[in-house]
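Undergrad: fold the following.
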Amino acid sequence: MAITRLTDIITVFESKWTYGDSKFGYDGEVNQDHDTQYPLMMVTPPESIMPVVYEGREEYTFEINFYNLYSQAAQSVVTLQKRWDNLQDLSNEWLDMVLKNYQDVTVEAYLNDESIEIERVKDAKNDRLVQIKLTFTMSAFTRCFRPVSSYPTDFTDLKVWLRADSGITFDIPTKRISAINDKSGQSNNVAQATVANQPLRYGYDGQNDKAYIDFNGTTQTLISDSNSPIEKDFTIFLVSKISAANGTVFGYVNGNVNINIGTDSSKKFTAIVKDGTTTLTTLTDSAIADVGNIAILKKSSKTINLEYYDSSTSASKTDTDASFDDTVTYNQNKFHLGSLAGSALLNGQMQEVIVYNRALATSEISDVKGYLNLKYKIY
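TA: Numbering: from 1, shown residues only. Down below sits the predicted model:
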């Protein structure tokens with residue numbers, strides 16, 4: 001269905017108000033910066049309920065205020081009732097355009113009968129405004145409460161699932177992270193005991209306003225409590241935002257055997273897997289922007305494949321070498337987040353890390369990737 005979030009409804013509301021400024025906020029914020037272009041539409045954050053659970057409908061009760069100037073000088077030119085009538089005409093036209101937007105049978109949103117109330121207010125705020133207050137209830141399809149989504153735990157051999165929004169031990173005043181609990185059920189937790197090396201956790205303002213872990217590119221990294229659980233073949237999913245070249249999102253090093261996922265010296269997104277003598281390498285065609293991205297590295301026998309996505313770029317790169325030793329395992333040392341065993345430190349953000357101890361099928365990768373993009377809205 002087209003209506004899935006309050007954001008979708010507000011986007012339509014604002015796009016249909018073409019007469020002056022529009023804001024989503026509270027009545028007390030009207031012209032607080034003294035830069036409003038009138039007429040103004042202020043959509044107050046609504047109350048909502050979901051009255052029909054099995055149909056997934058949500059009822060939003062909106063209070064929308066429309067304002068226009070009515071100065072002392074204007075009183076000699078236009079009557080107060082005329083100014084109110086004109087403002088009401090604009091509000092009626094706006095509401096009609098909103099409802100016309102939802103005439104398509106594929107969109108389930110409609111105005112509840114007998115729910116509209118109109119109130120006229122004078123001398124509002126500090127601008128000597130006339131005001132029309134419009135309240136109504138709109139019913140919209142939000143989602144159906146059935147377990148239809150795919151999650152990382154739906155697929156076998158999940159070994160690591162680390163999330164910025166769950167299982168984090170951090171100091172509230174400083175935001176410094178000391179540990180992250182593994183949600184895969186395999187207890188492959190990560191931690192950082194040295195305070196100066198602890199990255200920071202922010203509960204919002206990441207991709208799609210989700211929580212994120214911030215790395216400074218100089219000292220901060222997280223290290224697994226136990227050795228890496230990765231054996232010969234694997235699939236690694238990462239959600240990150242990289243701000244500089246030579247930054248590692250996920251790193252494993254044991255002598256000359258390593259896994260390195262991040263950016264190279266040209267800021268191309270790169271995945272490198274070494275067996276000790278032979279190197280498999282994939283990278284994007286050009287430098288990546290400082291935006292959120294989803295990356296998937298799959299190793300199957302002597303081949304690696306890198307998928308990369310951000311808001312404007314997608315890439316799928318493969319490297320194969322018949323001389324690669326596919327008996328080598330990657331479980332002889334700890335893995336790092338935000339660095340390659342203390343080098344090539346990440347300047348940027350990390351939101352989610354998912355590791356499987358096998359090469360996932362194409363359909364499985366698609367489902368996990370879909371879960372990540374549904375959550376972070378990256379591409």
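
Undergrad: tell me what L200 is bridged to.
TA: Beta-bridge partners for L200, by DSSP bridges, are R176, D214.

Undergrad: residues contacting it?
TA: Shown in contact with L200 (Cβ atoms under 8 Å, 6 or more residues apart in numbering): 170, 174-177, 213-214, 220. Every C-beta, even on glycine, is put in place using the N, C-alpha and C of the backbone.

Undergrad: again, 7 Å this time
TA: 175-177, 214 (Cβ atoms under 7 Å, 6 or more residues apart in numbering).

Undergrad: can I get those residues in CSV including distance to L306, neighbour count and pLDDT?
TA: Formatted as CSV, the contacts of L200 follow (distance: Cβ to Cβ, whole Å; neighbours: other Cβ atoms under 10 Å; pLDDT from 0 to 100):
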residue, distance to L306, neighbour count, pLDDT
K175, 31, 15, 96
R176, 32, 18, 98
I177, 27, 22, 98
D214, 24, 22, 98
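
Undergrad: where does the prediction get shaky in this structure?
TA: 1-4, 33, 51-56, 71-78, 104-108, 110, 113-115, 117-128, 142-148 (pLDDT under 70).

Undergrad: how's it carved up into domains?
TA: For the chain, the structural domains run 6-141, 152-376, going by automatic domain parsing.

Undergrad: about what we covered before: just flag the most distant two among the contacts of L200.
TA: Spatial extent of these (Cβ to Cβ) is set by the pair R176 and D214 at 10.4 Å.

Undergrad: which residue is nearest the middle of the chain?
TA: Per Cα atoms, centre = their mean, the C-alpha nearest to the average position across the chain is that of N208, at 2.3 Å.

Undergrad: give me the helices and strands touching the longest helix anywhere in the chain, please.
TA: In the chain, taking DSSP state H as the definition, the longest helix is helix 80-101. Judged by 3 or more Cβ pairs under 7 Å, 6 or more residues apart in numbering; DSSP states H and E, the packing partners of helix 80-101 are helix 6-16, strand 57-69, strand 117-124, strand 129-141.

Undergrad: for N293, which of these is the nearest?
TA: When the helices and strands packed on helix 80-101 are compared (using Cβ to Cβ), the closest one is helix 6-16, at 21.9 Å.

Undergrad: just checking, next helix/strand downstream of that closest one?
TA: strand 21-24 (DSSP states H and E).

Undergrad: in its sheet, what does that following strand sit against?
TA: Strand 21-24 pairs in its sheet with strand 40-52 (parallel), by DSSP bridges.

Undergrad: quick one: residues in contact with the strand it pairs with.
TA: Strand 40-52 is contacted from outside by 10, 13, 17, 20-27, 30, 57-67, 94, 142, using Cβ under 7 Å, 6+ apart.
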